[in-house]
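> Here's a sequence, model it:
(chains A and B)
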Amino acid sequence: MAFVLVPFAVESVWVFWPAIQGFWFSLTRWDGMTPPTFVGTDNYLELAGDATFRGALVNTVIWLVLFGGLSVLGGFGMALVLQKERRGVGFYRAALFTPVVFSLVVTALVWRVFYQPDGIADTLLRAVGLEQLIRPWLADPQTALYAVILPALWRQIGYVMVLFLAGLKAIDPALHEAARMDGANSWQRLWHVTIPQMKGVNAVVLSVIVIDSLRSFDIVWSLTKGGPYHSSELLSTYMYSTAFQSLRLGYASAIAVVIFVLALAVILGYLVRAFREEAS
Amino acid sequence: MNKLRTGAFHTGMILLSLLWLGPVLWVVVMSTRSFDDIAAHGVGSLPRSFTLDTYRQAWTDGGELRALINSMLVTVPSVALSLGLAAMAAFALSRFRIPGRRTILLLMLAGNLLPPQILLIPVAKFSELTGLYDTLWALIAVQVGFGLGFYTFVLHGFMRDLPGEIQEAATIDGAGTAQIFTKVMLPLTRPALAALGALSFTWIFNDLLWAITVLRTDDNMPVTPALLALQGQFVSSWNVIAAGTVIAAVPTVAVFLRFQRHFVSGLALGAVK
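Numbering: from 1, shown residues only, chains lettered A, B, ... in the order given. Purely as a prediction, here's the structure:
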């Protein structure tokens, strides 16, 4: 059937085949000009001793926990607060959702103004008498990573909120009514009715968050390019600069494979769930 | 008590909304300040001047016009092509008993879930090989290929739920497969297509990673990388950078406002499926 063959062929050429090549390249040494030479697992052995790689891995985990965890908590919290239709709710939802339509580069520039020396952050700190905290937020290795996570969160929370709002809407109100009749207070209803009912959405949000975290590149690249001294380096930015600035294509492919393996666990979970749903 | 609670709710939410909208408004205001004003009082101060010359500078000197055209040249065909192809695949997979259709569908989805990093080097090399490197064609091709899986998956879920009788009726009336697809299925799928269209527009328009992977020349860059370049060009002219930022954000905001309902339902569509 041509209907499915054409799209499948397009995806094969631009996704499946490159993915397979990616694995092969990770076993080679390659500068992009001369043909790649096979070096076996050398790249992976080098990764094991690469301090920058280890730092990027740790940062990626921090990113996953902080960016992922806080955007789920924030998004879910906001969805709970804003789920009931009442005056003003439409506006508040729209306000939180606004940054989602911006590109991460736009988000980055908005926040760069915030972090600028004598920018909004510094002005606010001075206003409340905390000027001793002032520092070059993005240029200080101690704060750079967190200064990048904050804008990413700012943009992600509205997105996660919308996903959760859709899930909350799908819950049968009769369930809450029944629980209320049985004397459950609002916390109990949250734990025993709302959260179990949202299982489907939770799985989706979880996959989206993990995949988004591992993919995160734009915001870091536009704010710090992974610096200073690799302090805000993620695996994704390290992979990019290794590939296209240091031109170590084989080594960069090995980093990409590591990212892939981390993502694979999530994708597999997603697919298993999809299969089970199909079957039922 | 109840009044107090409502008051607390609104106060809290207004503060939060301010936290979300404030930085955006700040940048919009800053884009209308003069260079001298910002140099003298800093980016954190309130405006003491007003000018729109910053927009002219970003637009012509900063090359935003060129970049916006590039972005449109990439985004519009990419959205149309990927949705068209995805609709075809979804139609075939949901309406015909193709062997292994579930595997094909999930394989396509899995392709979209891959971290793009694993594809960057091979895609860059492949586009060099085919002579597409540093052309907008390469960017269109990779955006279409990479997006297809997800769109197919969502559209498949939508088409599967359409009643089968419609298709049977059309077959009895003598419609061929292609006709059923264009005359019956596509019109019925419109809500989902609109939702995905709005979403994919912003995704492709906002992309940075693929653009800087398959493009090299500044003149070919779409808006997102051009904005980063603008930042290098006008290092301390924060007003011009702010104007450039506003220009880069306007198209997606416009699409969002125009297709607001579709947009949010599109996100929800992905979540519930």
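> Which helix in chain B has the most residues?
Taking DSSP state H as the criterion, chain B has its longest helix at helix B:64-95.
> Quick one: residues contacting the residue in chain B positioned nearest to chain A.
Closest to chain A within chain B is residue B:145: 2.7 Å, counting by C-beta to the nearest C-beta. Any C-beta I mention is one placed from the backbone N, CA and C, and that applies to glycine too. Residues in contact with residue B:145, defined by C-beta atoms under 8 Å, 6 or more residues apart in numbering or on different chains, are A:10, A:11, A:13, A:14, A:15.
> how close does it get to residue B:37?
For residue B:145, the distance to residue B:37 (C-beta to C-beta, to the nearest Å) stands at 47 Å.
> Next, the buried residues of the longest helix of chain B.
Across helix B:64-95, burial judged by 16 or more other C-beta atoms under 10 Å in any protein chain shown covers B:64, B:66-68, B:70-71, B:73-75, B:77-79, B:81-95.
> same deal with stretch B:30-46?
Using 16+ other C-beta under 10 Å as the test for burial, stretch B:30-46 gives B:30, B:31, B:32, B:33, B:34, B:35, B:37, B:38, B:42, B:43, B:44, B:45.
> CA atoms only: put it into CSV for me.
Taking C-alpha atoms only, stretch B:30-46 is exported to CSV below (Å, rounded to 0.1, in the frame of the first residue of the first chain):
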residue,chain,number,x,y,z
MET,B,30,12.7,47.5,26.8
SER,B,31,12.5,47.1,23.0
THR,B,32,11.2,50.7,22.8
ARG,B,33,13.9,52.3,25.0
SER,B,34,16.7,54.2,23.4
PHE,B,35,20.3,53.0,23.7
ASP,B,36,21.4,56.0,25.8
ASP,B,37,18.6,55.4,28.3
ILE,B,38,19.6,51.8,28.8
ALA,B,39,23.3,52.7,28.9
ALA,B,40,22.7,55.3,31.5
HIS,B,41,20.2,53.5,33.7
GLY,B,42,20.7,49.8,33.1
VAL,B,43,18.3,47.2,31.8
GLY,B,44,16.7,46.9,35.3
SER,B,45,15.4,50.4,35.4
LEU,B,46,12.0,51.8,34.3
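> Any regions of chain B where pLDDT drops low?
B:1, B:268-273 (pLDDT under 70).
> care to break it down by domain?
Here the domain parsing of chain B from automatic domain parsing is B:2-53, B:55-272.
> Next, work out how far apart the closest residue to residue A:198 other than its chain neighbours and residue A:202 are.
Computed as C-beta to C-beta, 6 or more residues apart in numbering or on different chains, the closest residue to residue A:198 that is not its neighbour in sequence is residue A:167, at 4.7 Å. Between residue A:167 and residue A:202 the computed distance is 8 Å (C-beta to C-beta).
> Specify which residue of these two has the higher count of neighbours.
residue A:167 (24 against 17; other C-beta atoms under 10 Å in any protein chain shown).
> three-state assignment of the more buried one?
helix (DSSP: H, G, I helix; E, B strand; the rest coil).
> What residue in chain A comes nearest to chain B?
Residue nearest to chain B within chain A: residue A:14 (2.7 Å; C-beta to the nearest C-beta).
> And the closest residue to that residue other than its chain neighbours, its phi and psi?
Nearest non-adjacent residue to residue A:14, counting by C-beta to C-beta, 6+ apart: residue B:145, 2.7 Å away. With angles defined as degrees, to the nearest 10, residue B:145 sits at phi -60, psi -40.
> Next up, the contacts around residue B:239.
Residue B:239 touches B:30, B:31, B:32, B:33, B:34, B:35, B:38, B:51, B:54, counting by C-beta under 8 Å, 6+ apart.
> Quick check: the gap between it and residue B:128.
Residue B:239 sits 39 Å away from residue B:128, going by C-beta to C-beta.
> quick revisit: which one of the contacts of residue B:239 is nearest to residue A:179?
Distance to residue A:179, by C-beta to C-beta, is smallest for residue B:30 among those, at 50.0 Å.
> surely the closest one meets residue A:113?
Yes: checked against C-beta atoms under 8 Å, the pair residue B:30 and residue A:113 is within contact range at 6.6 Å.
> shared neighbours, these two?
Listed contacts common to residue B:30 and residue A:113 are B:43, B:238, B:242; contacts here mean C-beta under 8 Å, 6+ apart.
> which residues does residue B:53 contact?
By C-beta under 8 Å, 6+ apart, the neighbours of residue B:53 are residue B:34.
> Pull out the buried residues from stretch A:103-118.
A:103-116.
> Just the ones of these in strands?
Of the buried residues of stretch A:103-118, none are assigned to strands by DSSP state E.
> Restricting to these, which residues neighbour chain B?
A:103, A:104, A:105, A:106, A:109, A:110, A:111, A:113, A:114, A:116 (C-beta under 8 Å from any C-beta of the partner chain).
> Tell me the pLDDT of the fourth one.
Residue-level confidence at residue A:106 comes out at 86, pLDDT.
> excluding its backbone neighbours, what's nearest it?
Per C-beta to C-beta, 6+ apart, closest to residue A:106 is residue B:249, 4.8 Å.
> sorry, back to before: and the longest helix of chain B, how far from the chain's centre?
Averaging C-alpha positions (C-alpha atoms, centre = their mean, to the nearest Å) puts helix B:64-95 10 Å from its chain's average.
> Stretch B:108-121 now?
Relative to the centre of its chain, stretch B:108-121 is centred 18 Å away, using C-alpha atoms, centre = their mean.
> And stretch B:6-25, by the same measure?
Put simply, stretch B:6-25 sits 27 Å off its chain's centre (C-alpha atoms, centre = their mean).
> ok, it near chain A or not?
Yes: Stretch B:6-25 is in contact with chain A by C-beta under 8 Å from any C-beta, via B:9, B:10, B:13, B:16, B:17, B:20, B:21, B:23, B:24.
> Helix or strand: which one has the first one?
Right, the one you point to is residue B:9. Using DSSP states H and E, residue B:9 sits within helix B:2-30.
> Run through the neighbouring helices and strands of that helix.
helix A:89-97, helix A:104-115, helix A:144-169, helix B:238-258 (3 or more C-beta pairs under 8 Å, 6 or more residues apart in numbering or on different chains; DSSP states H and E).
> I'd like the distance from stretch A:15-25 to the chain centre, please.
Worked out by C-alpha atoms, centre = their mean, stretch A:15-25 lies 23 Å from the chain centre.
> mean confidence score for that stretch?
86.
> Distance check, the residue nearest to the spatial centre of chain B against residue B:229.
What sits nearest the mean C-alpha location of chain B, by C-alpha atoms, centre = their mean, is residue B:202, with 1.8 Å. Residue B:202 sits 21 Å away from residue B:229, going by C-beta to C-beta.
> next one: residue A:205
Computed as C-beta to C-beta, the residue A:205 to residue B:229 distance reads 35 Å.
> Among those two, which residue is more densely surrounded?
Using other C-beta under 10 Å as the criterion, residue A:205 and residue B:229 rank with residue A:205 on top: 22 against 15.
> Figure out the helix or strand that that one lives in.
Using DSSP H and E, residue A:205 sits in helix A:199-215.
> likewise residue B:47?
Using DSSP H and E, residue B:47 maps to neither a helix nor a strand.
> hmm, back to that, would JSON lines of the buried residues of stretch B:30-46 with secondary structure be doable?
Below are the buried residues of stretch B:30-46 laid out as JSON lines (three-state DSSP):
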{"residue": "B:30", "secondary structure": "helix"}
{"residue": "B:31", "secondary structure": "coil"}
{"residue": "B:32", "secondary structure": "coil"}
{"residue": "B:33", "secondary structure": "coil"}
{"residue": "B:34", "secondary structure": "coil"}
{"residue": "B:35", "secondary structure": "helix"}
{"residue": "B:37", "secondary structure": "helix"}
{"residue": "B:38", "secondary structure": "helix"}
{"residue": "B:42", "secondary structure": "coil"}
{"residue": "B:43", "secondary structure": "coil"}
{"residue": "B:44", "secondary structure": "coil"}
{"residue": "B:45", "secondary structure": "coil"}
